[in-house]
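Asker: A structural model of the following input is requested.
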Amino acid sequence: MKTLIFAGSNRNDSLNRKLAQEIHSKLSGSTLLELRDYPMPLYDGDLEARAGLPETARQFRQILREHDTVVIASPEYNGFFPALLKNVIDWATRPEAGESHSVAFRGKQVILVSASPGPGGGRRGLVQLTEQLETIGAKVMKTIAVPKALSADLQLTAAEVAEALVAEEQPA
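Answerer: I've put the predicted structure just below:
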């Protein structure tokens with residue numbers, strides 16, 4: 001099983017980027033992707049009609065398609081997942097010639113995690129993100145919110161995510 005891991009934040013000191021990195025360190029063979037390496041303009045149907053998919057969106061879609069499982073570490077902004085992540089999802093769901101909508105996400109197994117210094121741990125954003133991903137055909141296997149997150153919490157959460165993914169690989 002090939003696992004792709006990324007954070008829904010580009011902020012250097014983001015707890016969720018740290019959490020994504022920690023999960024990657026616990027999950028051998030996983031791929032850690034930085035969204036900042038795939039900058040995409042705000043989704044605009046007119047831009048898409050004129051110029052097609054941005055090359056960075058094509059590259060991201062290809063990497064997504066090469067993986068069976070996706071782990072997203074997403075912060076919560078004002079009760080929702082961040083605009084950066086929504087924009088990436090919007091571009092990644094756009095079909096190219098001969099494809100159906102959302103093909104890059106359809107059938108993907110997804111684990112969602114969020115770390116926050118606050119008491120909710122980003123749980124509200126994970127609810128919204130779950131709804132978004134299930135709408136486009138992904139299967140959200142698990143959501144984990146880490147309230148009042150500290151470095152030790154991130155390590156424990158990373159181990160829990162790694163264990164959940166390894167358990168998925170084992171025959172029942």
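
Asker: Remind me what the lengthiest helix in the chain packs against, helices and strands.
Answerer: Longest helix in the chain by number of residues (criterion: DSSP state H): helix 151-169. For helix 151-169, the elements it packs on are helix 15-26, strand 69-73, strand 109-115, strand 139-146, judged by 3 or more CB pairs under 8 Å, 6 or more residues apart in numbering; DSSP states H and E. No exception for glycine: its C-beta is placed from N, CA and C like everyone else's.

Asker: buried ones in the least confident helix or strand in the chain by mean pLDDT?
Answerer: Least confident helix or strand of the chain, by mean pLDDT, DSSP states H and E, is helix 151-169 with a mean of 77. Across helix 151-169, burial judged by 16 or more other CB atoms under 10 Å covers Asp153, Leu154, Gln155, Thr157, Ala158, Glu160, Val161, Ala162, Leu165.

Asker: Could you do stretch 56-63 as well?
Answerer: Thr56, Ala57, Arg58, Phe60, Arg61, Ile63.

Asker: For stretch 116-129, measure first residue to last.
Answerer: 16 Å (CA to CA, to the nearest Å).

Asker: for stretch 89-103, same thing?
Answerer: By CA to CA, one end of stretch 89-103 lies 12 Å from the other end.

Asker: Equivalent analysis for stretch 114-125, please.
Answerer: Using CA to CA, the two ends of stretch 114-125 sit 8 Å apart.

Asker: Bridged to the residue nearest to the spatial centre of the chain, which residues?
Answerer: Nearest to the mean C-alpha position of the chain, by CA atoms, centre = their mean, lies Ile72 at 2.9 Å. Counting by DSSP bridges, Ile72 forms beta bridges with Phe6, Leu112.

Asker: now the farthest one out in this structure, which residue is it?
Answerer: Arg50 (28.0 Å).

Asker: I'd assumed that residue was in a strand, is it?
Answerer: No: looking at Arg50 with DSSP: H, G, I helix; E, B strand; the rest coil, it is helix, so not inside a strand.
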